[in-house]
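J.: below: sequence and its predicted model.
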Amino acid sequence: MDENLSPEQSRMLHTARQRVIDSIGKNMDLYGITLSIGHLYGYMYFQNEPITLDQMSQTMGMSKTSMSTGMRTLMDLKMIDKVWGKGSRKDFYEVVPDWYQNFTDFFSIKWRKAVESNMTSLEKSLKEIHMLQATDPDNRSLQEITSIDEQKIIEALNYYHWLHRLIDSFESGKIFDFIPKEPKEE
């Protein structure tokens, strides 16, 4: 903390920050990111300059291995960046402070992966249904049953195509044309 603060001011600031850090950790935990990685991001959020793994490890009381894994996860999610530290051979990290960008990156990465996986499964099943239909084109019962399943799969694929467009709007920033960001307070 700042040496210009009284012990009471320092305690109050720590309490206020800790509440935000805990909130960030719990929020990220809801989306499948461990609580400790959420706390790591929260602690880094309040750093006013880039920080090393060693410094964060000491601050949080986590092992260097856990810290490294957490940093890699946050980098993969584009929530932190590795930056150059003048006069040091160590890696420095800093938070990407744009919460809008963090949100869109996080969900785009997660959603795109899920969409691709689900679409692959649906397309494979659709091919199998078409192959099944071709085995006995005169079997009215088979054709009716598979036709209903075919329509359901096509509807699901249409949803995933729409979801692709939604993800694209997040990645391009066009989503903010429809739902603008809150104005910055001066």
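T.: Yep, that arrived.
J.: buried stuff in stretch 26-45?
T.: Of all the residues in stretch 26-45, those buried under the rule 16 or more other CB atoms under 10 Å are M28, I33, S36, I37, G38, H39, L40, Y41, G42, Y43, M44, Y45. Backbone N, C-alpha and C define where each C-beta goes, glycine included.
J.: number of residues surrounding the nearest residue to S57 once chain neighbours are set aside?
T.: Among residues not flanking S57 along the chain, M67 sits closest, at 4.6 Å (CB to CB, 6 or more residues apart in numbering). Using other CB atoms under 10 Å, M67 has 23 neighbouring residues.
J.: double-check M67 against Q55; I have them as touching.
T.: No: between M67 and Q55 there is no contact under CB atoms under 8 Å: 9.7 Å.
J.: alpha carbons of whichever strand or helix holds the residue nearest to S57, in CSV - could you do that?
T.: Per DSSP states H and E: M67 is located in helix 64-76. Provided in CSV are the C-alpha atoms of helix 64-76 (Å, rounded to 0.1, in the frame of the first residue of the first chain):
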residue,chain,number,x,y,z
LYS,A,64,5.0,-20.4,-8.4
THR,A,65,3.6,-23.4,-10.4
SER,A,66,0.0,-22.5,-9.5
MET,A,67,0.7,-18.9,-10.3
SER,A,68,2.2,-19.8,-13.7
THR,A,69,-0.8,-21.9,-14.6
GLY,A,70,-3.1,-19.1,-13.5
MET,A,71,-1.2,-16.6,-15.6
ARG,A,72,-1.3,-18.8,-18.6
THR,A,73,-5.0,-19.3,-18.3
LEU,A,74,-5.6,-15.5,-18.0
MET,A,75,-3.3,-15.0,-21.0
ASP,A,76,-5.3,-17.6,-23.0
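J.: lovely, talk soon.
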